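> Provided below for reference: sequence and predicted model.
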Amino acid sequence: MEETQRQFLDSLLSMATPSGFEASGQRVWLDYVSTFADETRVDDYGNAVAVYEGSNDAPSIALAGHGDEIGLMVRDVTEEGFLKLSRIGGSDKTVTRGQHVTVHTADGPVSGVIGQVAIHLRTNDDEPDEIEKQYVDIGAADGESAEELVDVGDPVTFSTEVHDLQNGLVSGRGMDNRVGIWTAAEAFRRVVETEPAATIYAVSTVQEELGTKGAAMVGFELDLDAAIAIDVTHATDTPESPSGHGSGVDLGGGPVVFRGSANHPALVDATRAVASDDGVDVQLQAAGIATGTDADAFYTSRGGVPSLSVGIPNRYMHTPVEVVDLSDLTATADLLASFAGRVEAFTPFSVSP
């Protein structure tokens, strides 16, 4: 990965973008894609779209990731000055205790910690409290002092940094799904350089973690021949991965092409054909009911948009220490750029009874 591309990834990962509060990350993403897009725009909820205008009679395709991350929110302030919490998206109660956090207020960030009873005072059978029973300690003397600093509804994120591990692995908060919007932007940049006939959209959606809300808006607004949702998927190559949920997906094994449910079979076949032609290793994942990604919203938009979910392997999803392999990001961007540049050869996507 070149230095400029890595700087872009690090900039995305440094932003706080809980669902409903994505604006800072969307601005970083738009600043990057605007340098090679014909047009960029943002809708009323913050979905960001970059456009390369192809020929009038050529197909159109969207390469989309979601720009939001899970997080927490201030639910109440106690008389003693502690902040009670609620979830934003699928936050995990088992990893929240004993963490440094940042409360993102209108007047700027406020540092705090999520309290954890010391091991000396806990019994062996203590289970992690539900997040609604946890609290943030910002050091306030009392509730009135705390309310001068924060408001109910302020988002809260873990205070973490990006760390480079061995062998091209990178760890940090919110790889889900800033790596997806990085890939959408990079695939867009690469295909635009080839001046394809197709119209190409790069998209960073909002509120995917709340149920693919932003993708439903974008899917309605854009008239697409195909949509590819780029998201993370579970790498099950660690010692503790449950065998019943094993998917055979390995970190560093390349992009993951989903099959079933939202994933249009002709689009699946076309993407795999391009991967084979280009010598890109791909992994397969079964999605018998739903993908759990923006593809679930795109494919039911309008009269039905041929859609595909492409995953980037990710260890420890929805924790502060998610891990990805940079080679998977690059391979996915290469594959999707190549496919978008050749999409005209595969359209229209249809299923013949």
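It's in. Residues are numbered from 1 along each chain as shown.
> and stretch 7-15, what's buried?
8-9, 11-15 (16 or more other C-beta atoms under 10 Å). Glycine gets a C-beta too; all of them are placed from N, C-alpha and C.
> ok, stretch 270-285 next?
In stretch 270-285, counting by 16+ other C-beta under 10 Å, buried: 270-272, 274-275, 280, 282-283, 285.
> closest to S352 out of those residues?
Nearest to S352 among the buried residues of stretch 270-285 is A270, at 14.9 Å by C-beta to C-beta.
> Three-state assignment for that closest one, please.
helix (DSSP: H, G, I helix; E, B strand; the rest coil).
> so it touches L336, yeah?
No. Look at A270 against L336 with C-beta atoms under 8 Å: they stay out of range, at 11.8 Å.
> picking that back up, now the buried residues of stretch 270-285 in TSV, with pLDDT?
Formatted as TSV, these follow (pLDDT from 0 to 100):
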residue	pLDDT
A270	98
T271	98
R272	98
V274	98
A275	98
V280	97
V282	98
Q283	98
Q285	96
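> can I get the residues you listed in CSV including distance to G65?
As requested, the buried residues of stretch 270-285 are exported to CSV (distance: C-beta to C-beta, whole Å):
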residue, distance to G65
A270, 20
T271, 16
R272, 21
V274, 19
A275, 19
V280, 19
V282, 18
Q283, 18
Q285, 17
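> pLDDT below threshold where in this structure?
124-126, 243-246 (pLDDT under 70).
> domain-wise, how is it divided?
Annotated domains of the chain cover 3-69+173-345, 72-158 [automatic domain parsing].
> double-check that T330 belongs to a strand.
No. Looking at T330 with three-state DSSP, it is helix, so not inside a strand.
> ok, for it, nearest residue in space, not its chain neighbours?
M1 (5.8 Å; C-beta to C-beta, 6 or more residues apart in numbering).
> correct me, but that neighbour touches L326?
Yes. Using C-beta under 8 Å, M1 is in contact with L326, at 5.2 Å.
> which residues of the stretch 1-150 of the chain fall in strands?
Ranges of strands in the stretch 1-150 of the chain, per DSSP state E, counting those that start in this stretch, are 39-42, 48-52, 60-66, 71-77, 83-88, 100-105, 108-114, 135-137.
> strands along the stretch 251-353 of the chain, start to end?
According to DSSP E, counting those that start in this stretch, the strands that the stretch 251-353 of the chain contains are 256-259, 283-286, 307-314, 322-325.
> between those strands, which one is closest to E221.
Nearest of the strands of the stretch 251-353 of the chain (C-beta to C-beta): strand 307-314, 15.2 Å.
> report the longest helix in this structure, please.
helix 175-192 (DSSP state H).
> dump the domains of the chain to TSV, plus distance to Q166.
Shown next, in TSV, are the domains of the chain (distance: least, C-beta to C-beta, whole Å):
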stretch	distance to Q166
domain 3-69+173-345	11
domain 72-158	23
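> highest mean neighbour count out of those domains?
Mean neighbour count (mean count of other C-beta atoms under 10 Å) peaks for domain 3-69+173-345 among the domains of the chain, with a mean of 21.
> torsion angles phi and psi at the residue nearest to F158 when sequence neighbours are not counted?
Excluding the flanking residues, the one nearest F158 by C-beta to C-beta, 6+ apart is P320, at 4.4 Å. For P320, the backbone dihedrals (degrees, to the nearest 10) come out as phi -80, psi 0.
> OK, contacts around the spatially most central residue of the chain?
Residue closest to the average C-alpha location in the chain (C-alpha atoms, centre = their mean): N177, at 1.6 Å. By C-beta atoms under 8 Å, 6 or more residues apart in numbering, the contact set of N177 is 65-69, 208, 230-232.
> on that earlier part again, would CSV of the strands of the stretch 1-150 of the chain with distance to V156 be doable?
Formatted as CSV, the strands of the stretch 1-150 of the chain follow (distance: least, C-beta to C-beta, whole Å):
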stretch, distance to V156
strand 39-42, 25
strand 48-52, 24
strand 60-66, 20
strand 71-77, 4
strand 83-88, 7
strand 100-105, 5
strand 108-114, 8
strand 135-137, 7
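> what's the closest of the ones you listed to A266?
Here strand 60-66 is closest among these (C-beta to C-beta), at 13.2 Å.
> now the closest one - C-alpha only, PDB.
The C-alpha coordinates for strand 60-66 follow below in PDB (Å, rounded to 0.1, in the frame of the first residue of the first chain):
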ATOM      1  CA  SER A  60     -24.000   2.200 -14.000                       C
ATOM      2  CA  ILE A  61     -22.600   0.500 -10.900                       C
ATOM      3  CA  ALA A  62     -22.100   1.600  -7.300                       C
ATOM      4  CA  LEU A  63     -19.200   0.600  -5.100                       C
ATOM      5  CA  ALA A  64     -20.400   1.200  -1.600                       C
ATOM      6  CA  GLY A  65     -19.200   0.900   2.000                       C
ATOM      7  CA  HIS A  66     -20.700   2.100   5.200                       C
END
